[in-house]
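*Asks:* need a structure here:
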Amino acid sequence: MGHHLPPDQKELYRRVDEVLHYVWDPIGVAGIPQGRDEYYTYVPRVFSLVQSRAPLSEIVDFLVTTQTETMGLGEPSGVRTHAEEVAALLEEWRDWIQQRRPIV
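*Replies:* From the prediction side, this is the model:
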């Protein structure tokens, strides 16, 4: 993670990491402490998409492509629906964090 991010962006980065690990979790490691770093390589890209307010469809496409092509997990039913739920949750976190940011 970029150590020079403002506090609100650091918090969003942490939330992206948590959501990918505990909610998205396509390989099922959320309950395994040794699996905590499984999705670290995807966090910067997802953070960038969420932070820049990329269209929801772009976030969803990245998650689906990562799961089905990069990880080679095929395309079981529900992958897109689950990715849409994850992307919506990430947007909710972004908006909540930004609403809490003090006005300067």
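*Asks:* Now the most centrally placed residue in the chain. Nearest residue, chain neighbours left out?
*Replies:* The chain has Val16 as the residue nearest its centroid, 4.1 Å off, counting by C-alpha atoms, centre = their mean. Once flanking residues are discounted, Val16 sits nearest to Phe47: 4.6 Å by C-beta to C-beta, 6 or more residues apart in numbering. Just so you know, the C-beta spots here come from the backbone N, C-alpha and C atoms, and that holds for glycine as well.
*Asks:* buried stuff in the longest helix anywhere in the chain?
*Replies:* Criterion DSSP state H: the longest helix present in the chain is helix 79-100. Residues of helix 79-100 classed as buried: Val79, His82, Ala83, Glu84, Val86, Ala87, Leu90, Glu91, Trp93, Arg94, Ile97 (neighbour count, 16 or more other C-beta atoms under 10 Å).
*Asks:* Check stretch 16-25 too.
*Replies:* Within stretch 16-25, the residues that qualify as buried are Val16, Asp17, Val19, Leu20, His21, Trp24, Asp25, counting by 16+ other C-beta under 10 Å.
*Asks:* Which one of the residues you listed is nearest to Gln34?
*Replies:* Gln34 lies nearest to His21 out of the buried residues of stretch 16-25, by C-beta to C-beta, at 12.3 Å.
*Asks:* Spit out the contact partners of the closest one.
*Replies:* Residues near His21 by C-beta atoms under 8 Å, 6 or more residues apart in numbering: Val29, Ala30, Arg36, Glu38, Tyr39.
*Asks:* switch the cut-off to 10 Å
*Replies:* His21 makes contact with Val29, Ala30, Gly35, Arg36, Asp37, Glu38, Tyr39, Tyr40, Val43 under the criterion C-beta atoms under 10 Å, 6 or more residues apart in numbering.
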